[in-house]
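*Asks:* sequence first, then the predicted structure:
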Amino acid sequence: MSPVDRTTSLVARLPSARTIRVELLAGLVVALSLIPEVVSFSILAGVDPKVGLFASVTMAISIAIVGGRPAMVSAAAGAMALVVVSLVRDHGQEYLFAAAILAGAIQVTLGLVGAQRLMRFVSPAVMTGFVNGLAILIFAAQIPHITGGGTAGWLVVAAVLAIIVVLPRIVSAVPAPLVAIGVLTVVVVVFGVDIPNVGDEGEMPSALPVLGIPSVPLTWETLGIIAPYAFTLALVGLLESLLTARLVDQMTATTTDEARETRGQGIANVITGFFGGMPGCAMIGQTVINVRSGGRTRLSTFTAGAFLLLLVMVFGDEVAAIPMAALGAVMVSIAFVTFAWREVDPRNLRMAPRGEVLAMIVTTGTTVATHNLAIGVGAGVAVSLATGWWRRRSRTSSTVAGDGASRGASSSVLITVAGDHEPASSTDGA
């Protein structure tokens, strides 16, 4: 190939200006939506908000490079925060950083041995239950943000939802959630409306993260403390990430490199731990926001992390002024479009196998009851396997009984045919 041909081929592979614009705007919307959730997850885990914010920056940027699912967003997640509450409480956040590094190493190892193949046990019914359970949890998490602002908060919510519904019918060049957040933030600040904002959730960081080794004793005792947490973090993170990847596959009609994604999640967690961040995994809510906003490539994921760093370091005061009711309304709209309404239509449920319906209900119910997607999926998989085994057993029994009945019926038919034939032959012979 000549130099001219190589140059032409390279230019042809470059994204168009429109694609770059859409990817950048999608990343900005995701970055804005990450801030309140990540701050809340940091508080849940018992660490400073900057720990979760910086973890989200390093996770998003790292997974954009080493991950196997373009457009999927990884950050400090609630499922991971729930796992480490007691670790931080009993031993401090330095042990959390060490656990993140070890969890990442375990994930890389699992990726190398092909552990992601176990995802074949997650049936479509369990996947639907996972998605619906997550949508319910996303919605429920927004209720305090929506109701905490009183009448003014409800008006903000209504205005945001109206913009999200109406604006795409007029113009689609800019994501409606971004416009809604910007407009309502300006209105609230200009008119001095006193409602909770992002700044009320925690202080924005004032310095960049520093690369370093966690300040923990390098002893077997330390390993004994962090290993159980690290193993749980690795499994929970991979489960949530691979399920989210499957959802994006369905939304975009593309395929995830699950082996690369498994290793990528581990690499991202190792990097995050060395930068003093809490462990993370794929964020399904923010991933859906990204895809719905037009994000399809690694650029949107990378810019989500880059914009998040820019927002908290340079525009911290402006970000702190964003009303929580506005962000809550955006997440409510995402919860609505995430929920698999068609699969729970009574007409479809009546035609579906009862075992699959039960697995879906158990997955959703357990996820909502425990606020843990991993436990919900585990319960759903158990029910799915049990009902599948019962169906195969029943089918085998029916087949054996049917074969016996068929043999008896065949004998009767043969006897009848023979009996009919013999008289006829006698008559003909006579």
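*Replies:* On my side now, so go ahead. Numbers count the residues shown, from 1 in each chain.
*Asks:* when you work out contacts or count neighbours from here on, use the C-alpha atoms and nothing else.
*Replies:* Noted.
*Asks:* the strand or helix carrying Ala125 - what's its average pLDDT?
*Replies:* Take DSSP states H and E as the rule and Ala125 turns out to sit in helix 124-147. Taken as a whole, helix 124-147 carries a mean pLDDT of 84.
*Asks:* quick one: list the elements packing against that helix.
*Replies:* Secondary-structure packing of helix 124-147 (3 or more CA pairs under 8 Å, 6 or more residues apart in numbering; DSSP states H and E): helix 150-170, helix 324-338, helix 354-370, helix 373-429.
*Asks:* list the contacts for the residue lying closest to Val84 once chain neighbours are set aside?
*Replies:* Nearest non-adjacent residue to Val84, counting by CA to CA, 6 or more residues apart in numbering: Ala45, 6.2 Å away. The contact partners of Ala45, taken as CA atoms under 8 Å, 6 or more residues apart in numbering, are 81-82, 84-85, 88.
*Asks:* what about the stretch 251-400 of the chain, any weak spots by pLDDT?
*Replies:* 397-400 (pLDDT under 70).
*Asks:* before we move on, the earlier item: kindly write the PyMOL command that selects the buried subset of the contacts of Ala45.
*Replies:* Selection of buried members from the contacts of Ala45 for PyMOL, criterion 16 or more other CA atoms under 10 Å:
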select buried, resi 81+82+84+85+88
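*Asks:* restricted to strands, list the contacts of Ala45.
*Replies:* Residues from the contacts of Ala45 lying in strands, with DSSP state E as the criterion: none.
*Asks:* buried deepest among the helices and strands packed on helix 124-147, which one?
*Replies:* Of all the helices and strands packed on helix 124-147, helix 324-338 carries the top mean neighbour count, a mean of 24, counting by mean count of other CA atoms under 10 Å.
*Asks:* quick one, that one and helix 124-147 angle?
*Replies:* 160 degrees (axes from the mean of the first three to the mean of the last three CA atoms, to 10 degrees).
*Asks:* buried stuff in the helix or strand containing Leu32?
*Replies:* Taking DSSP H and E as the criterion, Leu32 maps to helix 17-45. Buried residues in helix 17-45, counting neighbours by 16+ other CA under 10 Å, are found at 19-45.
*Asks:* any idea how far it is from the chain center?
*Replies:* Relative to its chain's centre, helix 17-45 lies at 14 Å (CA atoms, centre = their mean, to the nearest Å).
*Asks:* Val210 - that's part of a helix, no?
*Replies:* No. Val210 is assigned coil when assessed by DSSP: H, G, I helix; E, B strand; the rest coil, not a helix.
*Asks:* that one: how many residues sit nearby?
*Replies:* Here the number of neighbours of Val210 (other CA atoms under 10 Å) works out to 9.
*Asks:* that one and Gly276 touch, don't they?
*Replies:* Yes. Val210 is within contact range of Gly276, at 7.3 Å (criterion: CA atoms under 8 Å).
*Asks:* returning to that earlier point: among the contacts of Ala45, name the ones in helices.
*Replies:* Mapping these onto helices (DSSP state H) picks out 81-82, 85, 88.
*Asks:* could I get these in a markdown table, plus columns for pLDDT and distance to Ile164?
*Replies:* Compiled in a markdown table, the ones in helices among the contacts of Ala45 are given as follows (pLDDT from 0 to 100; distance: CA to CA, whole Å):
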| residue | pLDDT | distance to Ile164 |
| --- | --- | --- |
| Ala81 | 84 | 30 |
| Leu82 | 77 | 32 |
| Val85 | 84 | 36 |
| Val88 | 92 | 39 |
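*Asks:* and Gln265, which of the helices and strands packed on helix 124-147 is closest to it?
*Replies:* Each of the helices and strands packed on helix 124-147 has some distance to Gln265 by CA to CA; the shortest is helix 373-429, at 16.2 Å.
*Asks:* so Met59 makes contact with Gly280?
*Replies:* Yes. With contact defined as CA under 8 Å, Met59 and Gly280 form a contacting pair (6.9 Å).
*Asks:* now do the shared contacts for those two.
*Replies:* The contact lists of Met59 and Gly280 share 74-76, 269, where a contact means CA under 8 Å, 6+ apart.
*Asks:* got a quick ChimeraX command for the buried subset of those residues?
*Replies:* To isolate the buried ones among the shared contacts of Met59 and Gly280 in ChimeraX, judged by 16+ other CA under 10 Å, type:
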select :74,75,76,269
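*Asks:* any idea how many residues pack against the residue lying closest to Val73 once chain neighbours are set aside?
*Replies:* Leaving aside its chain neighbours, Val73 sits nearest to Thr287 (5.1 Å; criterion: CA to CA, 6+ apart). The local packing of Thr287 (other CA under 10 Å) involves 22 other residues.
*Asks:* wait, doesn't Thr287 sit right on Ala71?
*Replies:* Yes. Between Thr287 and Ala71 there is a contact under CA under 8 Å: 7.1 Å.
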